[in-house]
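**Q** Show me how the following folds:
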Amino acid sequence: MTTMETDDSQNGYKLLTAGGRRFQYSVHELRKSPLRPVAVCLGLLCVLLLAGIIGQGVHHRNVKRDQENSYNAMTKEKDNIQENLKTTLKDKRELQGIQTRLQSNNDYITTQREQLRKNINILTKERNDLKISESQLRTSNNALTNERDQLKNSQGQLQTNNDALTKARDLLQTSYNSAVKQTNELQTNYNSLTKDKDNLQNRYNNLTRSREQLQTSYNSMIKEVEKLQISHNSATSEKDKLQSSHNNLTKERENLKASYNLLEKGTNQLQASYAALIQQRDQLQISYNNATAERDKLKMRCDNLTAEVERLNATIREKTCLPGWKKFQNSCYFPSMARKSWIRSRQDCQSKGADLAIINSPEEMSFINGLYGDGDEIWIGLNDERVEGDWKWVDGTSLTTAYWGSDQPNSWNGHQDCAEFWRRHTGNGVWNDESCDKDEKWICEM
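**A** Numbers count the residues shown, from 1 in each chain. As a prediction, the model looks like this:
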């Protein structure tokens, strides 16, 4: 028992003792006066009321004390609950931060994966172009090699012909020099014969005066002159032949010189063409070496990117989906059971760090078809709100592979700009265009 309870009990006892003394005094007085029983009864009643009030006060204090104890316990429990709530909110914020970072990492990985796919496609195309260019360069290189060999053969033949012509020219020059020498000798003989003729003419004149005396000498002289004349005529004819031969040789020399000049010019041109081809071949070889080095670099980059893609695919395959989400291939899907408009459905997906589903294959159609019941209509991430007939996915890409139902899309009444998935009992389901304000189920993809 506490000190307060002890004090209250003592006070009550004192009041009760005082009331007993008053009661004895009242009985004593009642014996003296007959009108005092009423007063005694009233006093007794007062004593009883006073005892009840004292008991009520004690009970009230006990109740108040119990309430204070309960209040203190509840306050302590409230503080503990608030502390636990703070810890829980802190853990929740940390989990939300982790979820946000994981979502950011997932978005980044998804973006990197798409970029890697595009880069792989570009590199594959460039590799094919390089292969074609390499094949063309090899063909051109082989053609140039053959042409170079042919030019070498032609150059050898031209060199042989040039040597033969040079030798023939030298022979002709020797023959010409010999003919000139013979002509000079004949000219000397002719001059000598002319001088002899003059001398003979003088002697003839002298002999004419003594013709009679020298008739015999004259006749013999005439014979000698005739012989000399024949010799002269023969020398003259030989000279004409030599002159004609000289003219022919001169003309032939000019022709040979012209042919030699043409051959020399052709040789120079062939030499220049050969040098240009050599230079072009060297440039092509350098280009081929650079293309080969670039191809090797691109191949190395492609191999690195392939390894990175395989690593990312392995990471994606190890990715687990959140509770309530369904995994298919490299994505997680959330099939909603509620119904909302297309824009509100998309906002719900975005609040989960995802977006309305983008469907790229019949296998994905079959997977989504198996998540819903017969007759369900489900919003997907496809619309043509900006340009009628230009259907685009929520990531901005254009529609390339479609799975529309029969006679769809028909844009009935001109207000059907969003695509929905029709679940079918058999098959993979089909698409239909519908008003974006209609409340339907939806499918999120992350």
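**Q** Which residue ranges of this structure form strands?
**A** Using DSSP state E, the strands assigned to the chain run over residues 326-328, 331-335, 355-356, 377-383, 392-393, 418-422, 430-434, 441-445.
**Q** mind putting the ones you listed in a markdown table, mean pLDDT included?
**A** As requested, the strands of the chain are exported to a markdown table (pLDDT from 0 to 100):
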| stretch | mean pLDDT |
| --- | --- |
| strand 326-328 | 91 |
| strand 331-335 | 93 |
| strand 355-356 | 96 |
| strand 377-383 | 94 |
| strand 392-393 | 94 |
| strand 418-422 | 93 |
| strand 430-434 | 91 |
| strand 441-445 | 95 |
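**Q** Same list, those strands, but as JSON lines with mean neighbour count please.
**A** The way it works is simple: take the backbone N, C-alpha and C, and place the C-beta from them, glycine included. Formatted as JSON lines, the strands of the chain follow (neighbours: other CB atoms under 10 Å):
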{"stretch": "strand 326-328", "mean neighbour count": "15"}
{"stretch": "strand 331-335", "mean neighbour count": "19"}
{"stretch": "strand 355-356", "mean neighbour count": "20"}
{"stretch": "strand 377-383", "mean neighbour count": "23"}
{"stretch": "strand 392-393", "mean neighbour count": "18"}
{"stretch": "strand 418-422", "mean neighbour count": "25"}
{"stretch": "strand 430-434", "mean neighbour count": "20"}
{"stretch": "strand 441-445", "mean neighbour count": "24"}
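**Q** nearest to residue 232, of those strands?
**A** With distances scored as CB to CB, the stretch of the strands of the chain nearest to residue 232 is strand 392-393 (116.1 Å).
**Q** Now do stretch 341-360: distance from first to last residue.
**A** Between the start and the finish of stretch 341-360 there is a gap of 23 Å, counting by CA to CA, to the nearest Å.
**Q** Select, out of the strands of the chain, the one closest to residue 109.
**A** Among these, the nearest to residue 109 by CB to CB is strand 331-335 (11.9 Å).
**Q** what pairs with the closest one, and is each one parallel or antiparallel?
**A** Each strand that strand 331-335 pairs with, and the sense of that pairing, follows from DSSP bridges: strand 326-328 (antiparallel), strand 441-445 (antiparallel).
**Q** okay if I get those as TSV plus distance to residue 336?
**A** Listed next are those as TSV, based on distance: least, CB to CB, whole Å:
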stretch	distance to residue 336
strand 326-328	12
strand 441-445	5
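**Q** Would you mind saying which of those strands lies nearest residue 87?
**A** From the strands paired with strand 331-335, taking CB to CB, the stretch that ends up closest is strand 441-445, at 31.2 Å.
**Q** Between strand 418-422 and the closest one, find me the angle.
**A** In this structure, strand 441-445 runs at an angle of 100 degrees to strand 418-422, with axes from the mean of the first three to the mean of the last three CA atoms, to 10 degrees as the basis.
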